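Colleague: mind looking at a prediction? Sequence and model below.
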Amino acid sequence: MTVHSTDDLPSSPEDIDAVKPQRHGAGGRSRWDLSTLRELWRFKEYGRPERKSLALGVLMNGGQMAANLAAPWPLALVINDLLQDKGQGNGQGKSGILHAVAGWFGGSSMAMLLVAASAVVAITAAAGMFSYLGDMYMNGSGQRITSRIRADVFAYTQRLPMAFHDRQNVGELTSRVVSDTSTVESTLRDVGTDLVPSVLTLAGTAAVMVAVDWRLGLIGLVVAPLVFLTANHFAGLTRQYARRKRAATGDLTGLVTESLMGIRTVHAFGSQRVQDQRFATQNDNVLGLSLRSVKVSAKFSPTLQLVASVGTALVLFVGGYGALKGWWQVGVLVVVTSYLKTMLSPMKSLAKLAPSFTQGAASAQRIADILDQPTDHQGTEEPLPARVDGRIELRKVVLDYGTGRGPVFTDVDLTVTPGERIALLGDNGAGKSTLLSVIGGLYRPTSGQVLLDGHSVPDLPERWLHQQAAMVLQDTFLFSGTLIDNIRYGRPDATDAEVAAAAEAALVSEFADDLPDGLDTTVGTGGTGLSGGQRQRVGIARALLVDAPVVLLDEPTTGLDVHAEELVVQALGRLVKGRTIIATTHRPAVTALATRTVYLRRGGVLDTELPETAPADPSADRTHLTTIGAL
């Protein structure tokens, strides 16, 4: 089973499937009643590469526990071996560990005190060293595990089909990839620094208490079931609020992302107050859930301490009575009461960790919900050519988004021969862009077949598919970076000379030469600072650089003025040479590039041989393919 690092991101859905967390419980639903850490445990495969480091961390925590258990013994031995020796102030005649060690230094009372004092310092130093090493090993492992989870969640999200992204809020997905993985990171850090040491301390202390004197030990542990029930009750409450808060935070993040993405519209209509009110509503919801969670957490720790104090009180009363009766030495009572005090600290830590664990579990479930989504383009065992001829076939293709509004189109049949250039015309809402997306593999058809040189498009490896079929979208999106970076986006291994040639052919150089840094000019997210026509030419340069045998153009000149359209069409003229082209368009200048025109309407698809011979009434033509629904 493979776990991916940030330097070795998964390149296919199969790679990520190898580390997808497994569902527990019937019906694929997680069983929250078993443990607040159940969801985190589903990511256990990410911990396999860290087994050595985790084992060393546990070993160091065990050393810290041993040092903490040894901490009260110097005082106990001083009480038993020195202070209770009323008759011999020099310690003569006594037998014990302290006397035996002090004998190496003369055996006097002063030597005994020096040995005991030195032991306190040595034990404290050892505990600190083990704590440092344990934190280093455990927290380092937690950071690397979280980094792998974050990398795989981002990579898998990028590979989910467009049908999934169409249903999602961008801000919500961002919250899951960034915020939820950070919450998991915090929880894993708490596991290393608090949970493991606390559990080891509780278990070790309980065992040593019983070993020192089983009667006092059992009296001190009699409240353990009550402590467990109290912790379990509060954990259930914090879990409930944690899940609701994470969902509400995701909604709030979505609102902020949406508002910032639409900031031009907000300013255009002066709707800042409207957005303020929407934000305030969502923010108040998050605040209310947070305050309720804080109230539960605030009650948690003192309640647990009160329950635990019952055990200390019982030991103090019974132990003191037994010491007076001579049933056990005073030093034993000191050790046991000290251990009970030691146990209280990890109990407090565990009490405070409960909200962190439940929040981490809620975030882990939200992350797992992404990784549980099915992907398209799983790959095929068919041998694939380095370059296809460009024959496209649609056979009885139906697409239904599953929204209850019916299919977008149904029973679409279309054949495009290699080198043919199709202008796909039609009414608004007829499904032209959607049909182009189906051909390009962005959507899996509900039924029917989409074939590229006889290969089923939905089953082809996505990277290979988009090296064969390049898309120039209606609104070319540019990423933050230089123009060269954006042109090279579809083919990262292209040389600077190849990028420059593509930029020249697509007329990007025509405006880039006037920029301060030419093709090295940095643009903002979305191509801030460039016009629509300039962004489209960068998109055409991308497609030219990929050099795909099939090019799909989605309204490449929509919204452009006459001059910008002329430049884009000129660049398109160079792109379409020797390639199979399908272009959705309403513009005659783009239609003129086609060798055949296909009309897609809500009532059907009609094709003609040449765009210039298209009849005024397309219903008089001959080929009919049914479409219904809307884009």
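Modeller: Happy to help now that I have it. Numbering: from 1, shown residues only.
Colleague: bridged to the residue lying closest to Ser456 once chain neighbours are set aside, which residues?
Modeller: In space, and not counting its chain neighbours, Ser456 is closest to Gln449: 6.4 Å by Cβ to Cβ, 6 or more residues apart in numbering. (Glycine included, C-beta is placed from N, CA and C.) Beta-bridge partners for Gln449, by DSSP bridges, are Arg395.
Colleague: and Gln449, what is it in contact with?
Modeller: Glu393, Leu394, Arg395, Lys396, Val397, Ser456 (Cβ atoms under 8 Å, 6 or more residues apart in numbering).
Colleague: and what of Ala248?
Modeller: Contacts of Ala248 by Cβ under 8 Å, 6+ apart are Gln282, Asn285, Val286, Leu289.
Colleague: any idea which of the residues you listed has the most stuff around it?
Modeller: Using other Cβ atoms under 10 Å as the neighbour test, the contacts of Ala248 are led by Leu289, with 20 neighbours.
Colleague: is it correct that that residue is in contact with Tyr241?
Modeller: Yes: Leu289 lies in contact with Tyr241 (Cβ atoms under 8 Å); the separation is 5.9 Å.
Colleague: sorry, back to before: can I get the contacts of Ala248 in CSV including distance to Ala224?
Modeller: Supplementary listing: the contacts of Ala248 in CSV, determined by distance: Cβ to Cβ, whole Å:
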residue, distance to Ala224
Gln282, 43
Asn285, 39
Val286, 37
Leu289, 32
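Colleague: picking that back up, what would the contacts of Gln449 look like in CSV with neighbour count and pLDDT?
Modeller: Shown next, in CSV, are the contacts of Gln449 (neighbours: other Cβ atoms under 10 Å; pLDDT from 0 to 100):
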residue, neighbour count, pLDDT
Glu393, 18, 92
Leu394, 23, 90
Arg395, 15, 89
Lys396, 13, 87
Val397, 23, 87
Ser456, 14, 89
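Colleague: and the two most separated of the residues you listed?
Modeller: Lys396 and Ser456 (13.6 Å; Cβ to Cβ).
Colleague: what about Pro302, neighbour count?
Modeller: That count, for Pro302 with other Cβ under 10 Å as the rule, works out to 11.
Colleague: SS state for it?
Modeller: Here Pro302 is recorded as helix under DSSP: H, G, I helix; E, B strand; the rest coil.
Colleague: neighbours around Val178, how many?
Modeller: When neighbours are counted by other Cβ under 10 Å, Val178 comes out with 14.
Colleague: doesn't it belong to a strand?
Modeller: No: the assignment for Val178, made by three-state DSSP, is helix rather than a strand.
Colleague: check contacts around it.
Modeller: Val178 neighbours (Cβ under 8 Å, 6+ apart): Arg150.
Colleague: apply 10 Å and report the result again.
Modeller: Arg150, Val153, Phe154, Thr253 (Cβ atoms under 10 Å, 6 or more residues apart in numbering).
Colleague: how close does the closest residue to the first one other than its chain neighbours sit to Ala364?
Modeller: Once its chain neighbours are removed from consideration, Arg150 has its nearest residue in Thr181; the separation is 4.3 Å (Cβ to Cβ, 6+ apart). Applying Cβ to Cβ, to the nearest Å, the value for Thr181 to Ala364 is 9 Å.
Colleague: those two: which is more packed in?
Modeller: Ala364 (26 against 23).
Colleague: what's the pLDDT at the more buried one?
Modeller: On pLDDT, Ala364 comes in at 83.
Colleague: that one reaches Arg42, doesn't it?
Modeller: Yes: shown here, Ala364 and Arg42 form a contact pair, counting by Cβ atoms under 10 Å, at 6.8 Å.
Colleague: okay, now the unreliable bits of the stretch 1-150 of the chain?
Modeller: 1-39, 80-103, 105-108 (pLDDT under 70).
Colleague: spatially central residue for this structure, please.
Modeller: Val177 (3.4 Å; Cα atoms, centre = their mean).
Colleague: contact partners for that one?
Modeller: Arg150, Val153, Phe154, Tyr156, Thr157, Gln158, Ile367, Ile370.
Colleague: try Asp514
Modeller: Thr521.
Colleague: and the pLDDT for it?
Modeller: 87.
Colleague: what's the answer for Thr415, then?
Modeller: At Thr415, pLDDT is 90.
Colleague: narrow the contacts of Ala248 to those in helices?
Modeller: Gln282, Asn285, Val286, Leu289 (DSSP state H).
Colleague: looking at those, which is nearest Ala571?
Modeller: Distances from Ala571 to the ones in helices among the contacts of Ala248, taken by Cβ to Cβ, are shortest for Gln282, at 44.2 Å.
Colleague: distance to Asp427 and pLDDT for the ones in helices among the contacts of Ala248 - can I get that in TSV?
Modeller: Shown next, in TSV, are those (distance: Cβ to Cβ, whole Å; pLDDT from 0 to 100):
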residue	distance to Asp427	pLDDT
Gln282	38	89
Asn285	42	90
Val286	44	89
Leu289	47	87
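Colleague: identify the farthest-apart pair in these.
Modeller: Farthest pair in the ones in helices among the contacts of Ala248 (Cβ to Cβ) is Gln282 and Leu289. Separation: 11.1 Å.
Colleague: shared neighbours of these two, anything?
Modeller: With Cβ under 10 Å, 6+ apart as the test, Gln282 and Leu289 both reach Ala248, Thr249.
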